[in-house]
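Asks: mind looking at a prediction? Sequence and model below.
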Amino acid sequence: MPYPELKAILTDIGTEELAHLEMIGAIVYQLTKNLTPEEIKKAGFDDYFVDHTTGIYPTSASGAPYTAASMQVKGDPITDLHEDLAAEQKARTTYDNILRFCDDPDVKDAIRFLRAREVVHYQRFGEGLRLCTDKLNSKNFYEFNPSFDKK
């Protein structure tokens, strides 16, 4: 990000997103640490258990492992902030879907907290987008690239 205030927003949100991962990991660990082999099989958790026991190995709900390839980055502030906004909405939707299936009140409380933070992150990225666009040359709004801006 070319502007210090945008770097600060990204640092704050990135730090908090890592904490979200830690919270989800702790929830999953607490829910699975005392499962019996029968409960593991009944839940369809046996393939995961064979590879990871009850260790936290980030995967999607379908079992696809987390990969940095899922991060969309173009190096253009406008494009990247729009990707960030979309990612926050996808996270919010995922939390909404978890809440539809979850019946544990303690887990639901934590998920509601995380969902609320995703909404705040969306708002912060929106602030960042406004800050960024306010600083751009309006004639060159969609062609902004700091490395090509030197004439």
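Replies: The structure has been received and is ready for your questions.
Asks: quick one: low-confidence residue ranges for this protein.
Replies: The chain contains residues with pLDDT under 70 at 137-151.
Asks: cutoff 90 now
Replies: For the chain, applying pLDDT under 90 flags the ranges 1-3, 28-29, 31-33, 43-45, 48-49, 52-78, 132-151.
Asks: list the buried residues of the helix ranked longest in it.
Replies: Criterion DSSP state H: the longest helix present in the chain is helix 105-135. For helix 105-135, the neighbour count (16 or more other CB atoms under 10 Å) marks 107, 110-111, 114-115, 117-118, 121-122, 124-125, 128-129, 131-132 as buried. Any C-beta I mention is one placed from the backbone N, CA and C, and that applies to glycine too.
Asks: show me where this structure has its helices.
Replies: For the chain, applying DSSP H gives helices covering 4-32, 37-42, 46-52, 77-101, 105-135.
Asks: just to revisit the earlier point, ok, the buried residues of helix 105-135 vs Val28, which is closest?
Replies: Val107 (9.7 Å; CB to CB).
Asks: just checking, Lys108 touches Arg100?
Replies: No - using CB atoms under 8 Å, Lys108 makes no contact with Arg100, being 10.4 Å away.
Asks: next, the contact list for the nearest residue to Val119 once chain neighbours are set aside, please.
Replies: Nearest residue to Val119 in three dimensions, chain neighbours excluded: Arg92, at 6.2 Å (CB to CB, 6 or more residues apart in numbering). Counting by CB atoms under 8 Å, 6 or more residues apart in numbering, Arg92 touches Arg115, Glu118, Val119, Tyr122.
Asks: and what of Ser60?
Replies: Applying CB under 8 Å, 6+ apart, the residues near Ser60 are Tyr66.
Asks: Thr67 versus that one, what's the distance?
Replies: Using CB to CB, to the nearest Å, we find Ser60 at a distance of 10 Å from Thr67.
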